[in-house]
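Novice: Sequence plus the predicted model coming up.
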Amino acid sequence: MTAIQTTPVLVVGGGPAGLAAAAELSLHGVGCIVIEPRPQVSHRRPRAKTTNVRTMEHMRRWGVADALRAAAPLPVAWSQRVTFCESLTGARITDFDGAFGLTTQRDDRFAEAGQQVPQPVVEEVLRSHLGRCPGAELRLGHRATSLTQDETGVTVAVTDAAGAGYQIRARYVLGCDGASGMTRDAAGARYVGRADPRPNFNMVFRAPELATHLGPSVQYWVVGAGPADISGLMGPLDLAGTWWAGVPGADPAYGEAHSAELINGLVGAPVSHELLATDPWTARMLVADTFADRRLFLVGESAHVNPPWGGHGFNTCVGDAVNIAWKIAAVSRGWATEALLASYEPERRGVVEQTVASAESNMRVLANVLPRDEAAIQRAKRSEFYTLGLVLGYSYAGSPVIQRGSVAAGAVADVSTFIPGTEPGSRLPHHWLPDGSSLYDHLGRGFTLLVPATAASDLPAFSGAVTPETAGKAPGHPGVAELAGRARRLGIPLTVTALPPDYPWPAEFLLVRPDQHIAWRAPDPAGLDIETAAGLRPVRAGV
C-alpha cells in the first residue's frame, strides 16, 4: 500500500490563484504542494490580459515584477491606450489614455504600474518562480479527484500523469481549481447568480502584415461601420503579428463558419491571417454561497466568476490567494490562531461582490450597442478603463481582525476615483522615498509598526526589523518598546520602522499586516491591538 504523502498546505489547481497562493506561502516560509492537471500552459487561449497595479504590487513582494515585465510581449512603453474606432482601417472615434493603470511614469499612488500581458505568460513566470522556492512543489499533470476532512486535516485523492492514484494529507487545502473543479462541491458550496444569455466568440490569429494608421493601442474597440457593420474588440498579443479578437453576440456555429468575415470586418479590409484558435464563451456573474468549509478554502474562480469587462477576474483571484495564504502561513508558523482564518470570507466577499457587479455594469454597453459618438463612449466606458477606486480603494473594515472605527466597510463609491487614506482596513497609502525605493519595500513579512517621524528621531529609518530595545529609543513613546516586547513574547514577527517625514497623512502609529492593509491605528502604540489583529483574541467591545 502506498504511503500517504504529507504537506502543510495542498493547493488544488495551478492557475493564477493557485500559483499566487503558493508564492505567498513560500514568501512566509510555509511549504506546499500544488496539483495542476495541465503539463504545459497553452498560449492559444490567452484569457486574461490585464495585470493590474495591485497584482503587480504583489508580484513586487514576491520578487517577480521585473521578470514578468521582461517576459511580457507588450512593453508598457509601447502603449497605454485603448482606442475606439470604426475599424482598424477606419476613423478614430475616441481614446482612453493611461488605461488599466498603464504608465511609464512613477506614480505616487502605487508601487507598480499595470502590465498588459497574456495570462499564460503570467503563469509561466510564476511556475518558474516556484521552481526556485524552497518548500514549494509544483506537480504538473496531476489531478485531485476527491477529499475528506477530519478534525486535524484533509486527505486528498490524486491521480498522477500516468493515471496512478495516491493520497496527500494536508493541514489545509486551498481550492484553486476553478469553476469546473471539485473543491466547491467538496465544500458544500454552490454558485449564486446568473449567466448572460448573449453569446460571445473569441479568436486568436496570426497576421504579421496587419497594421493600423490609428497607432499602437492595447485594445481597439470597433464600433461597426461600413458594409460589414461588425462590432467587437481586438488587440495585439505580441509585436510579431499575433492578435486576439472578440465579437459579442456571435454564436459558436456562426463564429466557426465565418471567422474570416469577422476578422476582416473588424479590420475594415481583407487581411491575410492564420486562425490559431477559437473560444466561444458565456458571461457569468456567480459568487459561491460560502468560501470555506473547515480546513478547505475556495480561492479564485472556485468561489466566484465574473465577465472580463474591466480586466478584474484574474486579479481578484490573486487578491483572494494573498489574503488566505498569509493567514494560513501565520497559523502554520504558530503566531496566529485559526480565528484569523475565519476572517477570509468576511474580508473577501464584499470585494468579490463589488468586482462582479462592476464587470456586469461594464457589460451592459458593449461595442455592438455603442453609438459612434465620442462623448457617449467616454461617459459609458470610463469606469471600465480607469478603476483605481476599485483596484486599490477597497477596504477590509468590518473584519473581526480589523480595528473597529467610524468608517464601515461598504461599496467603493466611484470605481474610477481612488482616494488613499489610513483608515483601518484600507491598503497602506503608498509613498516613494528619496532613494527611489517604495515604502512597501521596507515593510516586514509579518506585521509592521510604522512610527510617525515626529516620534522616531532615534529610530533608524527604513532599517527593517529592530529589537525591542532599539524600538524603546522612540522618545516619549515607551509604548513602542512595550508593543515590540508583547510581539516577541507571542512569537509575532514585527518590524518597527519610521515613517518618512514627508508622509502626507496624520502622524499616527500604524500597525500594518503582511498584505499591506492597515490593521490598527492609534495616536499612541498602547492603542494598537496586535493580539486581535493576529486572531489571538476576540475584538473588544467598543474598539
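Specialist: Noted; the coordinates are in hand.

Novice: Just the pLDDT at the nearest residue to D108 once chain neighbours are set aside, thanks.
Specialist: Distance criterion CB to CB, 6 or more residues apart in numbering; nearest residue to D108, sequence neighbours excluded, is W432 at 6.2 Å. Every C-beta, even on glycine, is put in place using the N, C-alpha and C of the backbone. W432 is assigned 97 on the pLDDT scale.

Novice: how many neighbours does W432 have?
Specialist: Other residues near W432 come to 16 when the count uses other CB atoms under 10 Å.

Novice: Next secondary structure after the helix or strand of the chain with the lowest mean pLDDT?
Specialist: Using mean pLDDT, DSSP states H and E, the weakest-scoring helix or strand in the chain turns out to be helix 468-471, at a mean of 42. Next in sequence after helix 468-471, counting helices and strands by DSSP states H and E, comes helix 478-490.

Novice: Could you tell me which other helices and strands that following helix packs against?
Specialist: Judged by 3 or more CB pairs under 8 Å, 6 or more residues apart in numbering; DSSP states H and E, the packing partners of helix 478-490 are strand 447-451, helix 468-471, strand 494-498, helix 530-533.

Novice: how about the residue nearest to D108, what does it touch?
Specialist: R106, D108, S438, L439 (CB atoms under 8 Å, 6 or more residues apart in numbering).

Novice: Kindly recompute the last result at 10 Å.
Specialist: Contact analysis of W432 by CB atoms under 10 Å, 6 or more residues apart in numbering lists R106, D107, D108, A111, S438, L439, Y440, P500, D502.

Novice: same deal with A207?
Specialist: Applying CB under 10 Å, 6+ apart, one finds that A207 lies in contact with P236, G241, T242, W243, I263, V267, V271, S272, H273, E274, L275.

Novice: hmm, try it at 6 Å
Specialist: Residues near A207 by CB atoms under 6 Å, 6 or more residues apart in numbering: G241, W243, V271, H273.

Novice: Just give the closest residue to P270, not the sequence neighbours.
Specialist: Distance criterion CB to CB, 6+ apart; nearest residue to P270, sequence neighbours excluded, is N264 at 5.1 Å.

Novice: What helices and strands are in contact with the host helix or strand of the one you found?
Specialist: In this assignment (DSSP H and E), N264 forms part of helix 259-267. The helices and strands touching helix 259-267, judged by 3 or more CB pairs under 6 Å, 6 or more residues apart in numbering; DSSP states H and E, number zero.

Novice: 8 Å - rerun?
Specialist: Counting contacts by 3+ CB pairs under 8 Å, 6+ apart, helix 259-267 packs against strand 191-206, strand 219-222, strand 232-236, strand 242-248, strand 274-288.

Novice: ok, and for the last one, which residues are buried?
Specialist: Of all the residues in strand 274-288, those buried under the rule 16 or more other CB atoms under 10 Å are L276, T278, D279, A283, R284, M285, L286, V287, A288.

Novice: Could you measure from the second one over to R198?
Specialist: In this view, T278 and R198 are 17 Å apart by CB to CB, to the nearest Å.

Novice: Pretty sure T497 sits against F447.
Specialist: No - between T497 and F447 there is no contact, the gap being 11.6 Å when judged by CB atoms under 8 Å.

Novice: picking up where we left off before, could you measure from the residue nearest to D108 over to R445?
Specialist: As judged by CB to CB, W432 and R445 stand 21 Å apart.
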